[in-house]
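only the shape, not the letters, is given here:
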């Protein structure tokens, strides 16, 4: 069972039909929508400020989400995929965005709807990535526009796949 830790009077709120890996850690002021998955060794640290996560968001293995005390928060929209070993620190990620493996997204950065942050990218503080833009590199720079329909299809497929994967770990359904 995931480690759920209340702190400073805040207890994490988890939506319906969510998968929390056994060694995921969710702390403090975290509110998660429905159909989400938080994978192995992931930490959502809402101890110093709030983390708000929409519906059908997958936060993959080894990722860390944190904020700055009294300064930054995390907001993640619907149908967002956060790749393996991603660090998000006080940023806003809009619907249908994808943050690739090993990327870092810093305080007050914003990733637009349907945007893609390439694997290994470093999105500096206060960077604004527009809707359907692909950014990569360290520091991250604009690479090209992404077709909105293609982005929506890919990100909804990934979100659906992660919901399917999470069902493989549901011991109650295996017993039936």
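Great, that's in hand. Given the structure is predicted, the values throughout are model-derived calculations rather than measurements. Numbering: from 1, shown residues only.

let me see the mean pLDDT of the longest strand along the chain.
Ranked by residue count under DSSP state E, the longest strand found in the chain is strand 43-53. Mean pLDDT, strand 43-53: 98.

how about it: buried residues?
When neighbours are counted by 16 or more other CB atoms under 10 Å, the buried residues of strand 43-53 are found to be 43, 44, 45, 46, 47, 48, 49, 51, 52, 53. Any C-beta I mention is one placed from the backbone N, CA and C, and that applies to glycine too.

next, count neighbours for residue 7.
Residue 7: 14 surrounding residues under other CB atoms under 10 Å.

where does pLDDT dip in the chain?
For the chain, the stretches with pLDDT under 70 are 171-176.

mind redoing it with 80?
Within the chain, the stretches with pLDDT under 80 are 170-176.

grab the longest helix from it for me.
Ranked by residue count and defined by DSSP state H, the top helix of the chain is helix 148-167.

who's in contact with that helix?
Here helix 148-167 makes contact (CB atoms under 8 Å, 6 or more residues apart in numbering) with 17, 19, 35, 37, 56-58, 60, 79-81, 96-98, 114-116, 131-132, 173.

which of these fall within strands?
19, 37, 58, 81, 98, 116.

make TSV from those and add distance to residue 123 and neighbour count to it.
Below are those laid out as TSV (distance: CB to CB, whole Å; neighbours: other CB atoms under 10 Å):
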residue	distance to residue 123	neighbour count
19	27	21
37	23	25
58	19	24
81	15	25
98	13	24
116	11	26
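
and the two most separated of those residues?
Of all pairs drawn from the ones in strands among the contacts of helix 148-167, the one with the longest distance (CB to CB) is 19 and 116, at 23.8 Å.

what's the spacing between the residue nearest to residue 16 when sequence neighbours are not counted and residue 10?
Spatial nearest neighbour of residue 16, excluding adjacent residues (CB to CB, 6 or more residues apart in numbering): residue 34 at 4.6 Å. For residue 34, the distance to residue 10 equals 20 Å [CB to CB, to the nearest Å].

give me the neighbour count for residue 145.
13.

one step back: so how far is the longest helix of the chain from its chain's centroid?
Relative to the centre of its chain, helix 148-167 is centred 13 Å away, using CA atoms, centre = their mean, to the nearest Å.
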